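Visitor: 3D, please:
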Amino acid sequence: MRTYSKNRLIYAILIGLCMVGFWLFENFYTPDTYSSSKRTSADTAFPTILFPNSTTGEIVHHSHFSLSYNEAYEQAEWVAYVLRKEHLTYDDRKRPYFIEDPFVTTKSADWRNYKGSGYDRGHLVPAGDRRFSLQAYNETFYTSNISPQDREFNAGLWNRLEIQTRKWAKRYNTLFVFTGGVLTNGLDEIGDEDVAVPKYYYKIIARKNSDDIEVLGFLMEGFEQNKPLQDFVVPIDRIEELTGLDFFYQLEKEHQNRFETKVRLEHWKF
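Guide: Numbers count the residues shown, from 1 in each chain. Below you'll find the model as predicted:
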């Protein structure tokens, strides 16, 4: 009887140690980094002249995308990346851990802010657009590349827009994509670090057309809506007004006005 009680005590201690170990791993283990450096890959280098401005000055260039981090909202105000037809592969990649971005001066928000919040860790640069290399895929799991999103919206309307973007990459060969949440005062927040929950999200897609540029801007409220994607197209000026950002500001003003003030759906195949 004494041996039985002793064994039960040992088993209880072992189970307790396993539970403590799992809790420590879950709450404190973080892989070092997914990038060996901030050096940009030539194949995915974003044209400097197309970068938006940054309201914070905290611009980070990873190997396969760039971002402007806004510490006050604990997320990127924009990400920018090149999506080429040849980037779209069906390579099977194992999802890595979400980790803080070591190249953001203040470090990006910890992924644990999202635990139990009811919101998805919504990718800004979609992992599905970066399957062509392990590093490119893993980089999308920096927490600087995520924003809280309603789950139905993330899996529904937002996902439909990402799929359509890939279709355009296949059709037009090369796209320049900007994505982010609209960050304003008074937003709901989650986690110990007060990660802001955007009410609206935007995506701007540009492509070259001969010597010109064609641009589409999407603005979506962050809940699932069964409407055509065309219903969410807005002038770039509208997105700039809400975000305080200036897209394509390095281009000539006359050139900007041509495609920022109006919607030109006829140049895009839905």
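Visitor: Tell me the secondary structure at the closest residue to residue 104 other than its chain neighbours.
Guide: The shortest distance from residue 104 to any residue other than its chain neighbours is 4.9 Å, reached at residue 69 (CB to CB, 6 or more residues apart in numbering). Quick note: C-beta positions are derived from backbone N, CA and C, even for glycine. For residue 69, the assignment made with DSSP: H, G, I helix; E, B strand; the rest coil gives strand.
Visitor: distance of residue 69 from residue 227?
Guide: 31 Å (CB to CB, to the nearest Å).
Visitor: The two - which one has more neighbours?
Guide: In this view residue 69 and residue 227 are compared by other CB atoms under 10 Å, and residue 69 has more residues nearby, 27 against 9.
Visitor: could you measure the more buried one against residue 96, distance?
Guide: Taken as CB to CB, the span from residue 69 to residue 96 is 20 Å.
Visitor: go on, residue 194?
Guide: For residue 194, the distance to residue 96 - CB to CB - is 26 Å.
Visitor: Could you look up the SS state of the residue lying closest to residue 51 once chain neighbours are set aside?
Guide: Among residues not flanking residue 51 along the chain, residue 80 sits closest, at 6.3 Å (CB to CB, 6+ apart). Reduced to three states with three-state DSSP, the structure at residue 80 is strand.
Visitor: Any idea what residue 80 is bridged to?
Guide: residue 66, residue 178 (DSSP bridges).
Visitor: Just the local confidence number for it, please.
Guide: With respect to pLDDT, residue 80 has a value of 98.
Visitor: I'd guessed residue 196 sits against residue 189; true?
Guide: Yes - if you go by CB atoms under 8 Å, residue 196 and residue 189 touch, sitting 5.7 Å apart.
Visitor: Those two: who's more crowded?
Guide: In this view residue 196 and residue 189 are compared by other CB under 10 Å, and residue 196 has more residues nearby, 23 against 15.
Visitor: and that one, helix, strand or coil?
Guide: What three-state DSSP gives for residue 196 is strand.
Visitor: quick one: it and residue 186, what's the gap?
Guide: 9 Å.
Visitor: How about residues contacting stretch 187-202?
Guide: Stretch 187-202 is contacted from outside by 73-75, 109-110, 112-115, 117, 119, 147-149, 158, 178-184, 217-222, 239, 242-243, using CB atoms under 8 Å, 6 or more residues apart in numbering.
Visitor: Good, wrapping up.
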